[in-house]
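# predicted model follows, preceded by the sequence.
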Amino acid sequence: MLYVELIAQGLIQGSIYALIALGLTLVYGLLRILHVAHAAFFTLGGYVGVMVANQTGSLAAAIVAAMIVAGIGGILVFRLCYQPILHQPPFVPLIASIGLYIAAEELFRIVFGPSGLTYKYAFLQGQVIAFGSLRFKEAEIAVMLGSAAIIGVLSLLQTRTRIGVACQATVSDPQMAESFGISLRKVGDINFFVGSALAAFAGVMVSVLNNMVEPTMGSVPSYKALAIIVLGGLGSVRGTLVAALVLGVVESFGTIYLGHFLDRNAIAFAFLILVLMWRPQGLFARS
Amino acid sequence: MEYEISLATTMAISVLFALSLNLITGFCGQISLGHAAFLGVGAYASGMLAKAGVPFLLTLPLAMLLSGALGIVVGFASLRVRADFLAITTMGVGFLFVGIVRQQDALGGEMGISAIPDTGMSKLAFMLLAVAMAAAAGLLSTYVRRCWMGRVFAAIAEDEDTVRVMGIDVPRFKLTAFALGTALAGLAGGLYAQHLKFIAPDSFGFIESITVLSMVVVGGIGSVVGVSVSAAVLSVLPSWFQVIGDYKLLVYGGLLFLMMRFSPGGMAALVARIFHPDRWGSK
């Protein structure tokens, strides 16, 4: 029974990772940059969510507002920060992105204070649903279902709509796509909007789960999401999803069995290093 | 005077540490996001040995040896994965170091180790030692860059596959760069532990790795003078301007971003631009 519970907890954590990592994959697939500052939109989503929810009392409004604000922020970051340095060697955007993330985290701390904010109204709290002998918080169920629904809708949009297909075409061959009249800038905008909005959704869900937001809430997911997209084979959406869930489960088992020797982050990165030494191109790379 | 001596020691250790990363990232083009782990290995080795009764000056070479040996192990990773993958792997090494140390009671766990025995040197002598080490690292860097090995490093940074095709044993040079750089980081760690008399796992985490990387990047990747100057300035900036203390990370992050966004070659490139305006944008 312990195993089933650990797997369930791992999958919940994994679906949060998946939401964050998906945006990173979209960006990496398109621009080949490791967008560390992505996690800032996770934190931003949490803050916008808490503030809107406390003003309006509606969680739905909070989620929508957080996704829109973060999405627009994503486009701004793409246009102002990344686009001018895309032709530089890869470490230039990487370091720029790390700098941006550190500065953003500090801004959250300075503007909203170091101790964070909490929800005035309780959303999805307390209630425990029995599921056989398994027990979940309502918020945990919402996280799982929400992630599954959003990822499902996204994959439908990607394969069934014109613009979705354009995005896919751009990822697989930017030059060819451009010569077919697809605007790279527009595709970039869309990827950054969608990716950042997904991170914001994850931010709201996590803030509901913990009933608080704090300036540093993005730091661990940000590095872990990087580990996940590398595990998934950089740029592969399916690989990212599987890697996120696998990492969630590995962590939840690891903290039980290796917890006295390694902390949670170390377990995740030990797993990453082991996998990379075995398969340097990641678990699910399309060669 | 006491304060100035302590400040100068901090500067010298930072310069040494930044130069050590410059060997790996600047010269050889192997990005490392976990370099603080090696500072930590050196600091813990030197601190533990000193507490066990080993004389201070003997702990330094031992710290270098241990750090360099682990550096070679991580260097093997650079043979297996490249560029973005290597960046994430080294970041993982950093998290792994902190995660392991934090859980070991023998290493003081979360609390770290304190009351590291005195070196028997005066503060002034210790500062001079640190400055001498930093200067030696600077000379070594300048020498390495001029000798044949340094040219191979530069070639690997530029285009690894071509170097391989030319029949040069790339793995050997990469491992040498890692061994040299991490051993120097270990030396910096030993000095750091003795300077502060107290070390804890959090002093060697991701932020520290980023800080040293920002010193290298802001100075100008690969430029010995640029990196030394920026490491010296950035390490004492927070204590010079008390106001900025609370905003230290904001300034670091902002500087790092602005430098990459507007002058990816760092201060060295900025200075070159000012003195050779005709070459504007030629890089």
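Received the coordinates, thanks.
# show me where the chain has its helices.
Just going to use chain A. A:2-31, A:38-56, A:59-76, A:91-112, A:138-160, A:162-172, A:174-179, A:184-210, A:219-231, A:237-257, A:264-278 (DSSP state H).
# meant chain B actually
Under DSSP H, chain B gives helices at B:2-21, B:36-51, B:56-80, B:83-103, B:123-146, B:148-158, B:160-165, B:170-196, B:206-219, B:224-240, B:248-262, B:266-275.
# weakest of these by average pLDDT?
Among these, helix B:266-275 has the lowest mean pLDDT, at a mean of 79.
# show me what contacts the residue of chain B found nearest chain A?
Going by C-beta to the nearest C-beta, chain A is nearest to B:G99 of chain B, at 2.3 Å. C-beta: built from backbone N, CA, C; applies to glycine. Applying C-beta atoms under 8 Å, 6 or more residues apart in numbering or on different chains, we find B:G99 in contact with A:L262, A:D263, A:R264, A:N265, A:A266, A:I267, A:F269, A:A270.
# nearest to B:A177 among those?
A:F269 (22.7 Å; C-beta to C-beta).
# does that closest one touch A:A227 like I think?
Yes. Assessed by C-beta atoms under 8 Å, A:F269 is found in contact with A:A227 at 6.2 Å.
# okay, and the common contacts of those two?
Jointly contacting A:F269 and A:A227 under the rule C-beta under 8 Å, 6+ apart are B:G92.
# quick one: low-confidence parts of the stretch 1-150 of chain A?
Across the stretch 1-150 of chain A, residues meeting the criterion (pLDDT under 70) sit at A:1, A:126-127, A:129-133.
# run through who's touching stretch B:158-175.
For stretch B:158-175, the surrounding residues in contact (C-beta under 8 Å, 6+ apart) are B:28-30, B:72, B:75-76, B:78-79, B:82, B:149, B:152-153, B:155-156.
# at 6 Å what do you get?
B:I72, B:G75, B:S78, B:L79, B:V152, B:A155, B:I156 (C-beta atoms under 6 Å, 6 or more residues apart in numbering or on different chains).
# now swap in stretch B:100-119 and tell me
Outside stretch B:100-119, the residues that reach it (C-beta under 6 Å, 6+ apart) are A:F261, A:D263, B:G47, B:A50, B:F56, B:A193, B:Q194, B:K197, B:F198, B:I199, B:A200, B:P201.
# again, but for stretch B:63-80
In contact with stretch B:63-80 (C-beta under 6 Å, 6+ apart) are residues A:277, A:280, B:30, B:38, B:41-42, B:45-46, B:86, B:89, B:93, B:171, B:174-175, B:178-179, B:182-183, B:185-187, B:190.
# swap in stretch B:225-232?
B:11, B:14-15, B:18, B:22, B:138, B:215-216, B:218-220, B:266-268.
# and if you look at stretch A:154-167?
A:I182, A:V187.
# list the buried residues of it.
A:L154, A:Q158, A:G164, A:A166, A:C167 (16 or more other C-beta atoms under 10 Å in any protein chain shown).
# export these as TSV, with columns for pLDDT.
Output for these, formatted as TSV (pLDDT from 0 to 100):
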residue	pLDDT
A:L154	84
A:Q158	81
A:G164	84
A:A166	86
A:C167	83
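# contact residues of the stretch 1-150 of chain B facing chain A?
B:31, B:80-81, B:83-84, B:88-89, B:92, B:95-96, B:99, B:102-103 (C-beta under 6 Å from any C-beta of the partner chain).
# show me just the buried residues among the residues you listed.
Buried among the residues of the stretch 1-150 of chain B next to chain A by 16+ other C-beta under 10 Å: B:I31, B:V81, B:A83, B:D84, B:I88, B:T89, B:G92, B:F95, B:L96, B:G99, B:R102, B:Q103.
# for chain B, give me its nearest residue in chain A.
A:A266 (2.3 Å).
# quick one: the residue nearest to that residue when sequence neighbours are not counted from B:F204, how far?
Excluding its sequence neighbours, the residue lying closest to A:A266 (C-beta to C-beta, 6 or more residues apart in numbering or on different chains) is B:G99, at 2.3 Å. According to C-beta to C-beta, to the nearest Å, B:G99 and B:F204 sit 11 Å apart.
# swap in A:Y82?
Distance from A:Y82 to B:F204, by C-beta to C-beta: 30 Å.
# the two: which has the busier surroundings?
Comparing A:Y82 with B:F204 by neighbour count (other C-beta atoms under 10 Å in any protein chain shown), the higher total belongs to B:F204, at 28 against 21.
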